[in-house]
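Trainee: Sequence first, predicted model second:
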Amino acid sequence: METRRLPVEALVGAALLVAVPFVLPAWMKFIVTLALAKFMAVLAVALFLRANQVTFGHAMFYAVGAYAVGFGAKWFGLRDVALLLPLGALFGAAVAALVGLVMARYREVFFAMLNLAFSMMLYGALLKLYWVTGGTDGLSAGVPTFLGYAPPREYLRDFLYYTSLGVAGLVIYAVYRFLASPLGYYLKAMGENEIRIEYSGESVRHVMYVTYVLSGALAGLGGVLAGFTVGHIVPEYSFWIQSGDFVFVALLGGYGSVVGPLMGSIAFEFIRTYASKYFPNEWQMTLGIIMLAIILFRPGGLWTIYEGLAARFGRREVERA
Amino acid sequence: MPEAPVLQTIDLCKSFGMVKAADAINVAIRPGELVGIVGANGSGKTTFLNIITGYLKPDRGRVLLLGEDRTGLPPRVITKLGISRSFQIPQLYTNLSVLESLLLSVAAEAGRGTGFWQPLHRRHWIDQGLETLDRFGLKPYADRAVSELPEGGRKLLDIALSFALRPKLLLMDEPTSGVSIEDKFQVMDILMKVVEETRLTTIFVEHDMDVVQRYGRRVLAFNDGKVIADGTPGAVLADPEVRKAVLGRA
Amino acid sequence: MRRVLKSRRGAWLSLLAIGVVVLVALAPATVTPQARPSGAPAELKIGFVDFFSTAAATFGSSGKSTTEWLVDKYNRGGGIGGVKIKLVVLDEAGGPDKQVTEFRRLALDEKVDAIVGYTSSANCLAIAPVAEELKTLTVVHICGTHRLTEDRKLKYVFRTSNNQASDSVVLARYVLSLKPDVKTIAGANEDYAWGRDSWEAFKVAMQRLKPDVKVTGELWTKIQAGEYSAEISKLLVAKPDVIHSSFWGGGLITFVKQAGPRGLFKQSLVLFSTGEQVLQDVKTSMPDGVIVAPRATGAYFLDPDPAASPLQKEFVEGHHQRFGRYPDYPAYRTYQAWSGLKAAYEKAIKQAGRWPTTEEVIKAFEGLTWQTPSGTITMRADHQAVHGGLIGITKMSPKHGFAVMDRVVRHRGEEIMPPLGTKTLDWVGGIKK
Amino acid sequence: MRLLTTILMDGTVFAAVLFLISVGLTLVFGVLRILNVSHGGLYAFGAYLATFLAVRFLEIGGNPYLTYPILLAGALIVGVVAGPLIERAFVRRVYGRAEAIQLLLTFSVFLILDDLMKLIWGTKPMFVSEPYTLLGEFSLAGIPYSWYQVVLIAVSILFGGALVWAVRGTRFGKIIVSVINDREISQAIGINVSRIYTVAFTLGALCAALGGALVAPTIAVVPGFAVDATVLAFAVIAIGGMGSLEGAALGALIVGLLRALAVHLLPEADLVIIYLAMILVLVVRPQGLFGQVVLRRI
């Protein structure tokens, strides 16, 4: 049923996203680009939410990806997206592989807190190593090239947009496969019952670890794209509030599916922008109220709202036929 | 030379504070045996399973599995060695469907539980999974959420998940507890048919004398962490000490 | 029935009469004194971005009050070149990625003609390339990092106040004039770029001006930490002659509150590079004899003397009347930004003889000299403004109910800013007495 | 020697502040099993209202010595109004839901509180000095300290002691412990668990507000300081063991002393020392120093 429904909608969704630069004004295109970048970090967080684990520290890997861009530009003159994307993912995965050794043992509040602590350590280091990282002033990203090609300035944003979209597409495919694999199901299952997994001869720690490394790579990718999109990289990328935003967005979109976080990311950027437009002094409160409303009335996030609509719409079609 | 026991425990001891949950337990289970363990609540039956499968570490003594000392290894490793267990309170993935849950056991048994690229829903795994569900009478529920299963179904699925691992020894912890009296024997009939067909070495723990009497070939009676009787159902259940310990009357 | 009708008519008539009277009374005020240049838009939409949340909101509230006061004043006078200003206000909190998003929305969606603001160095560095990309005229009012104008060549971005190095140089010169025999210095700064830069420049300047000065302690606190007991103890133990601190806002007030009773100000000469900003808030808690600077801003609400400077008098009195607070240095720096933007527009209008393009405004801005309450400001070719800065030492003023700056010394812009084309850090290392 | 006493004194002062910030958080976690992110917001709210009332009181010419009860009154108001309100209106609805949801719910309450304070009290720093300076100073090994700092330490000890006594030695405490150990059984034996939750949350809110009110005289209250309080409190109770009162005390002492040590001997580490301690403790002893491991019954 679902498999039959999905491709059509996926195509429609993809077509809409492809059309963005032609339909939406330039500033909205920027917002969607940034949303696509952050989506990958949100997806990383959403993976753990499926397993009932919260992380208040994944901004750490997001920052690793972003600083790969910053350092690349500062020291090595690197500014090619095609080179920095895999590098950022690699660094993200490498740091996650290291931190994950410790983290795979922890669950629930401790998992959340320890992630927080590690990300705040990175935050502290980025502040501290002022002479290397520019401290809070941050680093500038280079003007990106694409496989060595430097697009004309007026098309640069389109290049970035479509690169982000392409990477997002690949990420969606990869994560979709991951979630459909045995390990993906074990991840979901562990939120409910770790004991049964251990008594199946599988290691929950291994499930956590692989997911952690994957999530590090994803958030790293997101960081690279965000670094190029925003153009400026600061320690706040690693701040716990940023991690909190990721969790919030995952919940807003709904972490039950791969597409939910994407919907959440796009919605969040627009909500935040309009909140600060209409309530320049109370935009935080506006976000808080929306989040409360989602939690209390739509715990499945935007995705379930959409599913509800689709179900109703689908039924009507059936009735008509 | 007789075949090595599937399971042998030597002088197993475990205390929780002042309570002795296992007190010098010496037991050997040979291949193909169907053993019922009977005892009142708190007599140490579940603790015995927990120690064998590595959930608890014994204070003293050794656990030999298939002839080798495996004392203190974690459940995951014990399970890999071919010792599966089910639980008094079913340990299920309530957020998955019945078939998905079972597929995870199938994948684990195939040694592919850690694959993260190829799908879980592979044709031959699904066939295998449905076949197992069929054995346990759960096929009609395959696409239902685990949370929707009735209690009897939950117990059966819990055992099916362990069975699908194709163990050399299956341990069942109170397979009929929580199941209504009317359904008890139905559940046990299904289980015993599976065990017989596959000639699986099986231990099941029960506090219900009737069930043990009817299905056990060999019965161990537990009291205060000690094995107080070991033999045929008739002999053990006739033992006045056992009757006193299990039923509270001679 | 008739009576009702009649009475109603009477009411309408009297309303009309009042309306006419009011209109007549207002007429002189609403007639624009300036003729609108040809091609002038209906309104000039300008964004103002400053902190309205987080601890830095203490700067933002001064920035906002000045902006409101000034824009009202300009609009009463017909706006800029006869075009009224429409203000769009945005919060600077939320990190650079939010600021970059907001900047784009301001420029492309709201289609603002210019943007004024940015207090945080990270934010001004982040939006500068975006301003260049979108060709949006941007006037940075407070952000102090020298990297803004030295990392890249700016075309659309101007900074109407001097950079952070000036603060430290002013402090160093003032310390040596008060206490020529200073032997030891220590720093208590927040552990981020602003604190690091401030201390580094001060240390280098001190060592350059008096080579035998020794550093006896460097403290790096968390930004806006609420507990300085250990830091204060350490400074009490080290007993340096001079303590430099770039603490600001709430953190600074907390430090003063905790250090005052414990005698730190009696033991050492303490200097606060942003101290002037909190004087009105700390009221009687600030002891006498503490060096406070409004960074290196050229004005203070008592200096130049309002009695002698009409611009200063109007601003100080107007601001105090409306907001119950005298303008502080973020207020003066906001004033500098708005008045610079206005002056640039007006010069461009004059040069073009019609409403100017953004490029023409930029051309007019470069080399512009304009008057502010804080004196004359010059915009250099590198889009960095040069102006004088003053500094003083606290003295309780019973008249005001808080400490004011005493023994004010004023430095000319050239003394405290590196000349055009010189890197700030090189220049600080080579300053002369 | 002098360095040692200075470090000890500074560390203890900071520890007292940290304890006041975090004790309510650990209490709420212990009973409700919810990490209340809005805790820092309540702390800040307490500080704001207490400061506001004290400033107003002094403005109308009140006796400075009466600012102490006024500060406490401010905290009391925040605690008994905001506590039940937040628990009944929001937190109550997510009992038994996924942990992520619980965390995010309190996070959104935190965001709302943060802006609410700004709307009520504006963005200019607010402060009251009198309670701090009134008590005078004393000298320890040649270094002057304020008596108010000693008061903070004393109040923390008294406060902590009172809480431990309330949990260990009173009927109410026994009920709480029973709820902590097993909700269902407590319900079965006739304890109104829902009311206990409200009371515990309110008590936590009260602790937070009280902490804020007591620390307020030493600081300037500014927008955004709730954020710092939140993260600090997290770190302290993670180190000490979440849900443990003794843990909060020990955690506060460790963090306080470490930071004082860092400031005096290794100022560069001031910023990261707390998180470093947290990581070390959690890696070696995941449940925190006083935390307990719970084994699932199967």
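Mentor: Good, I have the coordinates. Worth saying up front: this structure is predicted, and the values here are computed from it rather than measured.
Trainee: Low-confidence stretches in the stretch 201-350 of chain C?
Mentor: Within the stretch 201-350 of chain C, no range satisfies pLDDT under 70.
Trainee: give me the residue from it nearest chain B.
Mentor: residue C:222 (40.8 Å; C-beta to the nearest C-beta). Bear in mind the C-beta positions are built from the backbone N, C-alpha and C, glycine included.
Trainee: That residue reaches residue D:272, doesn't it?
Mentor: No: between residue C:222 and residue D:272 there is no contact under C-beta atoms under 8 Å: 9.8 Å.
Trainee: Now do the same contact list for residue C:265.
Mentor: By C-beta atoms under 8 Å, 6 or more residues apart in numbering or on different chains, the contact list for residue C:265 reads C:259, C:287, C:289-290.
Trainee: Sorry, slip of the keys, the one I care about is residue C:188.
Mentor: So residue C:188 contacts C:219, C:221, C:228, C:231, C:235, C:243-245, C:247, C:255 (C-beta under 8 Å, 6+ apart).
Trainee: farthest-separated two in the residues you listed?
Mentor: In terms of C-beta to C-beta, the contacts of residue C:188 reach their longest pairwise distance at C:228 and C:244, which sit 15.0 Å apart.
Trainee: if we can go back for a sec, using a markdown table, please lay out the contacts of residue C:265 together with distance to residue D:155 and neighbour count.
Mentor: Formatted as a markdown table, the contacts of residue C:265 follow (distance: C-beta to C-beta, whole Å; neighbours: other C-beta atoms under 10 Å in any protein chain shown):
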| residue | distance to residue D:155 | neighbour count |
| --- | --- | --- |
| C:259 | 22 | 25 |
| C:287 | 28 | 20 |
| C:289 | 34 | 15 |
| C:290 | 31 | 24 |
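Trainee: returning to that earlier point: before we move on, what SS does the closest residue to the residue of the stretch 201-350 of chain C closest to chain B other than its chain neighbours have?
Mentor: Nearest residue to residue C:222 in three dimensions, chain neighbours excluded: residue D:271, at 5.5 Å (C-beta to C-beta, 6 or more residues apart in numbering or on different chains). With DSSP: H, G, I helix; E, B strand; the rest coil as the basis, residue D:271 sits in coil.
Trainee: Please name every helix or strand in contact with the one helix or strand residue C:350 maps to.
Mentor: In this structure, residue C:350 sits in helix C:329-352 according to DSSP states H and E. Under the contact definition 3 or more C-beta pairs under 8 Å, 6 or more residues apart in numbering or on different chains; DSSP states H and E, helix C:329-352 sits against strand C:43-50, helix C:57-76, strand C:114-117, strand C:137-140, helix C:358-365, strand C:369-372, strand C:375-379.
Trainee: right, and these - which one's nearest chain B?
Mentor: Judging the helices and strands packed on helix C:329-352 by C-beta to the nearest C-beta, what sits closest to chain B is helix C:57-76, at 44.5 Å.
Trainee: do the closest one and chain D meet at all?
Mentor: Yes: Helix C:57-76 reaches chain D (C-beta under 8 Å from any C-beta of the partner chain) through C:57-58, C:60-61.
Trainee: Report how many residues lie close to the closest residue in space to residue C:309 that isn't next to it in sequence.
Mentor: The spatially closest residue to residue C:309, leaving aside those adjacent along the chain, is residue C:373, at 6.6 Å (C-beta to C-beta, 6+ apart). Residues lying near residue C:373 (other C-beta atoms under 10 Å in any protein chain shown) number 24.
Trainee: I'd guessed residue D:187 sits against residue D:193; true?
Mentor: Yes: between residue D:187 and residue D:193 there is a contact under C-beta under 8 Å: 5.2 Å.
Trainee: So which of these two has more stuff around it?
Mentor: Comparing residue D:187 with residue D:193 by neighbour count (other C-beta under 10 Å), the higher total belongs to residue D:193, at 16 against 13.
Trainee: Check the gap between that one and residue B:187 for me.
Mentor: In this view, residue D:193 and residue B:187 are 35 Å apart by C-beta to C-beta, to the nearest Å.
Trainee: thought the residue nearest to residue C:222 was touching residue A:127?
Mentor: Yes: checked against C-beta under 8 Å, the pair residue D:271 and residue A:127 is within contact range at 6.5 Å.
Trainee: coming back round to it: would you mind extracting the C-alpha trace of the helix holding residue C:350 into CSV?
Mentor: Below are the C-alpha coordinates for helix C:329-352, written out as CSV (Å, rounded to 0.1, in the frame of the first residue of the first chain):
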residue,chain,number,x,y,z
TYR,C,329,28.4,54.9,23.9
PRO,C,330,26.3,52.4,21.9
ALA,C,331,23.8,55.2,21.5
TYR,C,332,26.5,57.6,20.2
ARG,C,333,27.8,54.9,17.8
THR,C,334,24.3,54.3,16.5
TYR,C,335,24.0,58.0,16.0
GLN,C,336,27.2,58.0,14.0
ALA,C,337,25.9,55.3,11.7
TRP,C,338,22.6,56.9,11.0
SER,C,339,24.0,60.4,10.6
GLY,C,340,26.7,59.1,8.3
LEU,C,341,24.2,57.3,6.1
LYS,C,342,22.1,60.4,5.9
ALA,C,343,25.0,62.6,5.1
ALA,C,344,26.2,60.2,2.4
TYR,C,345,22.7,60.2,0.8
GLU,C,346,22.5,63.9,0.9
LYS,C,347,25.9,64.4,-0.6
ALA,C,348,25.1,61.9,-3.4
ILE,C,349,21.8,63.7,-4.1
LYS,C,350,23.6,67.0,-4.4
GLN,C,351,26.3,65.4,-6.7
ALA,C,352,23.8,63.6,-8.9
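Trainee: Assign the residue nearest in space to the middle of chain A to helix, strand or coil.
Mentor: Centroid check for chain A by C-alpha atoms, centre = their mean gives residue A:41 as the closest residue, at 2.2 Å. Taken by three-state DSSP, the conformation at residue A:41 corresponds to helix.
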